[in-house]
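Undergrad: Have a look at this prediction, sequence included:
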Amino acid sequence: MSRADKPATGLSTGAVQDLYREATKGMENAPPVVVVQTPAQLPFDAPDNAEGVMFKGTVYLVADGLVGPANVRNVIAHEVIGHYGLRGFFGKGLGIWWRNVHAMLDNQQRFGFFLDGK
């Protein structure tokens, strides 16, 4: 899920749909998208600052949480590459992969070292 740091001024749903089509043009296997105006319109509970969510294979973009083309592209990249793409690559093993990543990051913070020894 992508969340805004502060309340956004928001875009129209049509503008967000156009930006999604532009960003995924020529992309094979792009996930379907649903653009809603507010988080309350999502088919699940979401925080008021939600920008985008990958849910059951569909990208949901929240127009009120998106402030411009660069923000929309970043959220699309996060949801499509970061969630949809990783799920496609790792399949059911994604949960194990994420647990390992989080464990490494926790150890890095706890013990103050990086994996490259610096």
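TA: Perfect, thanks for sending it.

Undergrad: What is the three-state secondary structure of the spatially most central residue of the chain?
TA: Most central in the chain under Cα atoms, centre = their mean is Glu79, positioned 2.9 Å from the mean C-alpha point. Secondary structure, DSSP: H, G, I helix; E, B strand; the rest coil: Glu79 is helix.

Undergrad: ok, it touching Val53?
TA: Yes: counting by Cβ atoms under 8 Å, Val53 is a contact partner of Glu79 at 7.0 Å. In short, each C-beta sits where N, CA and C put it, glycine included.

Undergrad: what sits in contact with each of these two?
TA: Common contacts of Glu79 and Val53 (Cβ atoms under 8 Å, 6 or more residues apart in numbering): Ser2, Val59.

Undergrad: Name the helix or strand of the protein that has the lowest mean pLDDT.
TA: Least confident helix or strand, the chain: strand 2-3 with a mean of 72, by mean pLDDT, DSSP states H and E.
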